[in-house]
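[1] Task: produce atomic coordinates for the following.
(2 chains)
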Amino acid sequence: MMTRFFAAILAVAMLSLSEPQSVAAQFKVFYFGVNGLTCSQCSRSVEIQLKKLPFVAAVQLDLEQTTGQLLLKDGVKVRPDAIARAIVDAGFSIRFLAAELQTAGLEQKTEQCFVYQHTAYYLQDGKLPLEDDQWQVVFTGPQFTEGKSLFWKKGKDSSVLPKNAGCRARDHYFIALKKL
Amino acid sequence: MRKVALMILLPFGALHAQELYPLAEPASTLPKQAIGLRLMSETYKEVNQWRNMSGLRLMYGLSPKLTVYATAIASNHHGDKMPVEYPFHNTPERGAYYPYKFNGVHLYAKYRFLSMDAEKAHLRLAVYAEGAYVETTHHETEPDLKMGDNKGVGGGLIITYLQRKFAVSLTSGGIFPFATLGQSPDPIDVLPDMPVRTYYGNALTYQLSFGYLLLPLKYKNYDQTNLNLYFELHGKAMKHARVDLFVGHANEYRLDPLRYPPALQSGYFIDASPGLQFILRSNTRIDGSLTFPLMGKSYARLYPVYTLGVQHYFFRTK
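    The predicted structure is shown next:
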């Protein structure tokens, strides 16, 4: 009887230890669209360029929709601009870049911006829902919207930081929120 | 998670159009640091034998916009000497036996300077420059650098438009061949060969290529074989050649172009080449086409010309 009791306590203790003690902030997955893809051979070259990125664990491309997902390695700094550059290096242009972000434990978080992995992310319009533990962000800088149209429609120029910006870091990106 | 993905990955239409023409170069370039290898050949029957010109091409994406090729060319298309009594008779020489030999190299660079992309279409413009260094005897004014008939340089513009499964590409450029000094045997055996220098005609080149992706109807994975149909119109308009006889001798003179055979006269032609292409495992490309005369004709080849190509990319994964 006593043996079973201690075994049960041990099992509960082990289970509790195996669960994460705290959830760290992180990008969970990136979604992207590629313009100009013409064939599966082209998609393959995009996939190979993306796989070279040090923070990418896996690439899943939808050949029909010319969209894809990037699964990320844990603990490696993510560079969204490198994703756009990899697609350009493959000979194509990026249509959109979005990501799912787990917000708990962000280095800094205000209604206009947050800092993650020493990079500041500024919301272009509206306020960040600070109470939510997961955000869907869409990158809005011109490097993420180039090649969108045959008629030279460019993305909004976001090169100037907003006045009184609350988040400071060496790199910065502009984002919009998308509802989950 | 799936719900989020569905919201983000909006339902865009399929985009499979093809522009990987068997003969023409599209304005699109290789991915950065990608290496490609292409084995290609042109074959036609001449009297009682097959003439073949083959090239082994190494391709490299120097940058996303700049691609370079280097091709080693071999053929049984050129003899050691010019024809007997060139250019009066036997020009172009037909049915003579020439050994298969290495001719030289062809270098090519393509720079894509404009890309206007959309989800289901793109328009791309590129400029190209090429040069060939070969040791060959060529009997026609029509210059050709790609398969090594002549040494010389060239360049031009490529415009490629793609809409869903259909792609069209227009290429226009110029070839500026260099002169070649050769020996024409005298019909009297005891007499020495006659040195002849040929200045081949500068040429305007034009190419209009259409491509259509036939299969797969719907992409599922990279292992599906792609089947593409092509139809290419291509040709040249060239000036007459100039031929100097007895080069280096006291009696050296330039022959009046009026006395040249048709192969050395100015002219133009348009050929048509239907083609078929398989792309295996999204990488290995096998294509073939057949060339027929449509307007005028080329004296440098006999019809039909069978063209075959096998190409494979090697991507750097690190």
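[2] who touches the residue positioned nearest the centre of chain A in this structure?
    For chain A, the residue lying nearest the average C-alpha position, counting by C-alpha atoms, centre = their mean, turns out to be A:Ala99 (3.5 Å). Residues in contact with A:Ala99 (C-beta atoms under 8 Å, 6 or more residues apart in numbering or on different chains) are A:27-31, A:80, A:136-137, A:139. Any C-beta I mention is one placed from the backbone N, CA and C, and that applies to glycine too.
[3] Which secondary structure state is assigned to it?
    Here A:Ala99 is recorded as strand under DSSP: H, G, I helix; E, B strand; the rest coil.
[4] can you list the weak-confidence ranges in the chain?
    Answering for chain A, as no chain was given. Low-confidence segments of chain A (pLDDT under 70): A:1-25, A:38, A:146-165, A:179-180.
[5] other chain: chain B
    B:1-17, B:317-318.
[6] Nearest to chain A: which residue in the stretch 151-300 of chain B?
    B:Tyr219 (3.6 Å; C-beta to the nearest C-beta).
[7] hang on, that residue packs against A:Leu37?
    No - using C-beta atoms under 8 Å, B:Tyr219 makes no contact with A:Leu37, being 10.2 Å away.
[8] which residues are common contacts for these two?
    With C-beta under 8 Å, 6+ apart as the test, B:Tyr219 and A:Leu37 both reach A:Leu63.
[9] The two: which has the busier surroundings?
    A:Leu37 (30 against 22; other C-beta atoms under 10 Å in any protein chain shown).
[10] ok, now which ones touch residue 123?
    As the question left the chain open, I've gone with chain A. A:111-113, A:174-177.
[11] Oops, wrong one, chain B.
    Contacts of B:Leu123 (C-beta under 8 Å, 6+ apart): A:150, B:114-116, B:159-162.
[12] Could you export stretch B:125-137 as CSV, CA atoms only?
    What follows is stretch B:125-137, C-alpha atoms only, in CSV (Å, rounded to 0.1, in the frame of the first residue of the first chain):
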residue,chain,number,x,y,z
LEU,B,125,13.3,42.2,-68.6
ALA,B,126,16.9,41.2,-68.9
VAL,B,127,20.0,42.1,-70.9
TYR,B,128,22.5,39.6,-72.0
ALA,B,129,26.1,39.6,-73.3
GLU,B,130,27.9,36.6,-74.9
GLY,B,131,31.2,35.8,-76.4
ALA,B,132,32.7,32.7,-78.1
TYR,B,133,36.2,31.7,-78.7
VAL,B,134,36.4,28.7,-81.1
GLU,B,135,38.8,27.3,-83.7
THR,B,136,36.5,26.4,-86.5
THR,B,137,36.2,26.7,-90.2
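[13] now check it, is it near chain A?
    No - Stretch B:125-137 does not reach chain A (C-beta under 8 Å from any C-beta of the partner chain); its nearest approach is 11.3 Å.
[14] do stretch B:223-238 as well
    Yes - contact between stretch B:223-238 and chain A, assessed by C-beta under 8 Å from any C-beta, occurs at B:224, B:226.
[15] quick one: that stretch to chain centroid distance?
    Its chain's C-alpha centre and that of stretch B:223-238 lie 12 Å apart, by C-alpha atoms, centre = their mean, to the nearest Å.
[16] since we're on A:Glu107, how many residues are nearby?
    14.
[17] Could you identify the most distant pair in the contacts of A:Leu123?
    Pairwise distances across these (C-beta to C-beta) peak at 15.2 Å, for the pair A:Glu111 and A:Phe174.
[18] If you count surrounding residues, which of the two has more?
    Counted by other C-beta under 10 Å, A:Glu111 and A:Phe174 do not tie: A:Phe174 has more neighbours, with 25 against 12.
[19] Could you look up the SS state of the more buried one?
    strand.
[20] In terms of helix, strand or coil, where does A:Ala86 fall?
    helix.
[21] Next up, the contacts around the residue nearest to it when sequence neighbours are not counted.
    Leaving aside its sequence neighbours, A:Ala86 sits nearest to A:Gln49 (C-beta to C-beta, 6 or more residues apart in numbering or on different chains; 4.2 Å). Contact analysis of A:Gln49 by C-beta under 8 Å, 6+ apart lists A:86-87, A:89-90, B:31-32.
[22] what does the stretch 101-250 of chain B put close to chain A?
    Checking the stretch 101-250 of chain B against chain A by C-beta under 8 Å from any C-beta, the hits are B:112, B:115-119, B:121-123, B:162, B:167, B:213, B:218-222, B:224, B:226.
[23] how near is the nearest residue to B:Pro261 once chain neighbours are set aside to A:Phe55?
    Closest residue to B:Pro261 apart from its sequence neighbours, by C-beta to C-beta, 6+ apart: B:Thr91 at 4.8 Å. According to C-beta to C-beta, to the nearest Å, B:Thr91 and A:Phe55 sit 65 Å apart.
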